[in-house]
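[1] Give me a 3D structure for the following:
(one chain, ligands or ions: 3)
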Amino acid sequence: MSENAKDEAVAIPAQSDGTQSEAAGTATLAEDAAPGEVLLKVTGLQKHFPIKKGLLQRQVGAVRAVDGIDFEVKAGETLGVVGESGCGKSTMGRLITRLLEPTAGKVEFQGKDITHLGVGGMRPLRRDVQMIFQDPYSSLNPRHTIGTIISAPFHLQGVEPEGGVKKEVQRLLSVVGLNPEHYNRYPHEFSGGQRQRIGIARALALNPKLVVADEPVSALDVSIQAQVVNLLDDLQQELGLTYVIIAHDLSVVRHVSDRIAVMYLGKIMELADRDLIYKTPMHPYTKALMSAVPIPDPSRKSAKSERILLKGDVPSPIAPPSGCRFHTRCWKATQICTTTEPPLKELRPGQQVACHHPENFEDQAPQDVVLLSDAKEAAELVSEKALADSAATSAAVAAEVESDEADEAEAERTKDAGAAEDTEATEDTGSGDKPGAEAAEVAESADGADEEPPAKGKPGKPGKSGK
Ligand SMILES: Nc1ncnc2c1ncn2[C@@H]1O[C@H](COP(=O)(O)OP(=O)(O)OP(=O)(O)O)[C@@H](O)[C@H]1O
Ligand code: SF4
Ligand SMILES: [Mg+2]
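    Ligands and ions are numbered 1, 2, ... in the order given. Next comes the predicted model:
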């Protein structure tokens, strides 16, 4: 973030200050949850996408994208959600932001059941819950200036921030480390990292309480990923935001999450405090995911001597395996795993696991010790050397994210020296300018209506700190 942005951040009252909200005539859904109180509660949440065939479009099956998940998110915390492609992460994100209607289950925000709220009922909630989308190339309308894009929420809600919309949008640009003078530029004039910053500014316009970020950095180059992750972290510190951050990359969520949920085929396999999940993963699937992440942590080095490569494809979510749905790829699977679904239960304080034979804990089905014949073939162990050889993107991200803030400050000083051009110059190194015009149009018309939230009269203000 630039010095400019930091100055702005200091000059602006914090999120808890309700002045602007009152000035704008907006009402909050409920009393703000105090840090540590449950902000979002999800119970038995399901989303089954129907599969229809024939002239009569009869339903012949369903994609069980999210198939009964339970979790809570506390105010001020970051919940990371990881899992392989297609396991239902994005669907879960869209369910909790109510961009999708659940098939079953319950979503509560600040104690209020919002599962089936209509458009009108959702209006106040839209101010409080925002989403940042994965692809910075397709989530911004290429025909709109960034000023128009970021000011849209204010217009949609009829909110006039103190000092006017333009001034507020420029402040938001500063907050996310962009040059306020670029208000009239178009998305294609920005690099990928800068576009993601624009998406973040748009999400912050309404001063939300909960931000769901769906793979916010996966489309970006490694060095830019670290900048955006740090920005999200700084904004959380400054604004007291609560995050649900979805990612493929465990090294990304590791640095920003307080707790981590591991998903597989529409279910949560393990949900635990960040340190527990990294030091003593209990679910075999978590262990396999973890072993694939090279982490420059000497304390873990001794514990991890091999990499677990899961064999076979992820089964179809149309017909997930019986019992434990990981049993077709689990090297510990026994008979009970094929017939009885293990419940997600707290086996250790702060660590919930759905497994009959967890790692680092007593067996939950000790009588059922005979491995399935397939189980022995389900995973391959790779040596530490091979693991070291393959250490690439995630390790680089980890190193970047952890890098000294002094480097950042130095870079920012350099940027400021370059005045108006600086921000762009810094990020242009990494992301390239893929076009994405038509895609962007589609995305914004598809998502925009719901994403562009209703504005709250008090916009966010940034600052610099660190987790
Ligand atoms: N609108 C839809 N209609 C039918 N099926 C869908 C729809 N959206 C998602 N799915 C299916 O639901 C499953 C979960 O998709 P989702 O996008 O939530 O996965 P994901 O974990 O976000 O994957 P990725 O990491 O690739 O983004 C997939 O099998 C997907 O094909
Ligand atoms: S041991 Fe059984 S219950 Fe545990 S993850 Fe493997 S298949 Fe599932
Ligand atoms: Mg996704």
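[2] Check the closest residue to Pro187 other than its chain neighbours and give its pLDDT.
    With Cβ to Cβ, 6 or more residues apart in numbering as the criterion, Pro187 has its nearest non-adjacent residue at 4.2 Å, and that residue is Leu140. Using the backbone N, CA and C atoms, a C-beta is placed for each residue, glycine as well. Confidence at Leu140, expressed as pLDDT, is 89.
[3] and whichever residue of the stretch 301-450 of the chain sits closest to ligand 1, what element?
    Of the residues in the stretch 301-450 of the chain, the one nearest ligand 1 is Pro317, at a distance of 4.7 Å by Cβ to the nearest ligand atom. Using DSSP states H and E, Pro317 maps to neither a helix nor a strand.
[4] For it, give me its contacts.
    63-65, 67, 86, 88, 265-266 (Cβ atoms under 8 Å, 6 or more residues apart in numbering).
[5] I'd like to know how far it sits from Glu84.
    Between Pro317 and Glu84 the computed distance is 11 Å (Cβ to Cβ, to the nearest Å).
[6] again, but for Gly118
    With distances defined as Cβ to Cβ, the gap from Gly118 to Glu84 amounts to 34 Å.
[7] thinking again about what came up before, out of the contacts of Pro317, name the ones that lie in strands.
    Assignment to strands by DSSP state E places the following of these there: 63-65, 67.
[8] Of the residues you listed, just say which sits nearest to ligand 2.
    The shortest gap between ligand 2 and any of the ones in strands among the contacts of Pro317 belongs to Asp67, at 14.9 Å (Cβ to the nearest ligand atom).
[9] number of nearby residues for the closest one?
    Using other Cβ atoms under 10 Å as the criterion, Asp67 is surrounded by 22 other residues.
[10] Pretty sure Cys87 is one of the things it touches, is it not?
    No - using Cβ atoms under 8 Å, Asp67 makes no contact with Cys87, being 10.2 Å away.
[11] what residues are shared contacts of those two?
    Taking Cβ under 8 Å, 6+ apart as the contact rule, the neighbours common to Asp67 and Cys87 are 265-266.
[12] Tell me the secondary structure at Gly93.
    Under the three-state scheme (DSSP: H, G, I helix; E, B strand; the rest coil), the conformation of Gly93 reads as helix.
[13] I should have written Val228 there, sorry.
    Taken by three-state DSSP, the conformation at Val228 corresponds to helix.
[14] Surely Ile318 touches Ala65?
    No - the pair Ile318 / Ala65 is not scored as a contact, 10.0 Å apart, by Cβ under 8 Å.
[15] Dig out what the closest residue to Leu241 other than its chain neighbours forms beta bridges with.
    In space, and not counting its chain neighbours, Leu241 is closest to Val211: 5.5 Å by Cβ to Cβ, 6+ apart. Partner residues in beta bridges with Val211, using DSSP bridges, are Gln130, Tyr243.
[16] Count the neighbours of Val211 for me.
    As a burial measure, the neighbour count of Val211 was computed by other Cβ under 10 Å and equals 26.
[17] what do you get for Met282?
    By the measure other Cβ under 10 Å, the count of residues near Met282 is 22.
[18] So it sits against Ala354, correct?
    No - counting by Cβ under 8 Å, no contact exists between Met282 and Ala354, whose distance comes to 9.7 Å.
[19] Common neighbours of those two, please.
    By the contact definition Cβ under 8 Å, 6+ apart, Met282 and Ala354 are jointly contacted by Glu270.
[20] mind listing the strands for the protein?
    Along the chain, the segments classed as strands by DSSP E run 38-53, 58-74, 78-82, 104-109, 112-113, 129-132, 210-214, 242-247, 259-264, 267-273, 306-310, 345-348, 351-353, 379-383.
[21] could I get those as JSON lines with mean pLDDT and distance to His144?
    Output for the strands of the chain, formatted as JSON lines (pLDDT from 0 to 100; distance: least, Cβ to Cβ, whole Å):
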{"stretch": "strand 38-53", "mean pLDDT": "96", "distance to His144": "31"}
{"stretch": "strand 58-74", "mean pLDDT": "95", "distance to His144": "31"}
{"stretch": "strand 78-82", "mean pLDDT": "96", "distance to His144": "30"}
{"stretch": "strand 104-109", "mean pLDDT": "96", "distance to His144": "30"}
{"stretch": "strand 112-113", "mean pLDDT": "94", "distance to His144": "33"}
{"stretch": "strand 129-132", "mean pLDDT": "91", "distance to His144": "18"}
{"stretch": "strand 210-214", "mean pLDDT": "95", "distance to His144": "21"}
{"stretch": "strand 242-247", "mean pLDDT": "95", "distance to His144": "26"}
{"stretch": "strand 259-264", "mean pLDDT": "97", "distance to His144": "34"}
{"stretch": "strand 267-273", "mean pLDDT": "97", "distance to His144": "38"}
{"stretch": "strand 306-310", "mean pLDDT": "77", "distance to His144": "43"}
{"stretch": "strand 345-348", "mean pLDDT": "95", "distance to His144": "47"}
{"stretch": "strand 351-353", "mean pLDDT": "97", "distance to His144": "43"}
{"stretch": "strand 379-383", "mean pLDDT": "67", "distance to His144": "48"}
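[22] out of these, nearest to ligand 2?
    Across the strands of the chain, ligand 2 has its closest neighbour in strand 267-273 (7.1 Å, Cβ to the nearest ligand atom).
[23] Please enumerate residues in contact with that closest one?
    67-71, 258-263, 277, 281-283, 285-286, 325-326, 344, 350-355.
[24] still on that earlier bit, tell me which of Gly118 and Glu84 has more neighbours.
    The neighbour count for Gly118 versus Glu84, taken as other Cβ under 10 Å, is higher for Glu84 (16 against 7).
[25] what about the nearest residue to that one once chain neighbours are set aside, how many residues close to it?
    Setting aside the residues directly before and after it, Glu84 is nearest to Val314 in space (Cβ to Cβ, 6+ apart), at 5.6 Å. The criterion is other Cβ under 10 Å. On that basis, Val314 has 18 neighbouring residues.
[26] again with Leu100
    18.
[27] One more: Glu362?
    8.
[28] Can you give me the distance of it to ligand 2?
    Separation of Glu362 from ligand 2 (Cβ to the nearest ligand atom, to the nearest Å) stands at 13 Å.
[29] What does that residue show for phi and psi?
    Main-chain torsions, Glu362, degrees, to the nearest 10: phi -70, psi 150.
[30] Quick check: the residue of the stretch 51-200 of the chain nearest ligand 2.
    Counting by Cβ to the nearest ligand atom, the stretch 51-200 of the chain gets nearest to ligand 2 through Gly83 (13.8 Å).
[31] err, the stretch 151-300 of the chain, not the other one
    With distances taken as Cβ to the nearest ligand atom, the stretch 151-300 of the chain approaches ligand 2 most closely at Pro284, which sits 4.6 Å away.
[32] picking up where we left off before, so for the residue of the stretch 51-200 of the chain closest to ligand 2, what's the pLDDT?
    92.
[33] ok now do the closest residue to it other than its chain neighbours, which residues does it touch?
    In space, Gly83 comes closest to Met263 once its chain neighbours are excluded; the distance is 3.5 Å by Cβ to Cβ, 6+ apart. The neighbourhood of Met263, defined by Cβ under 8 Å, 6+ apart, consists of 69, 81-83, 87-89, 92, 269.
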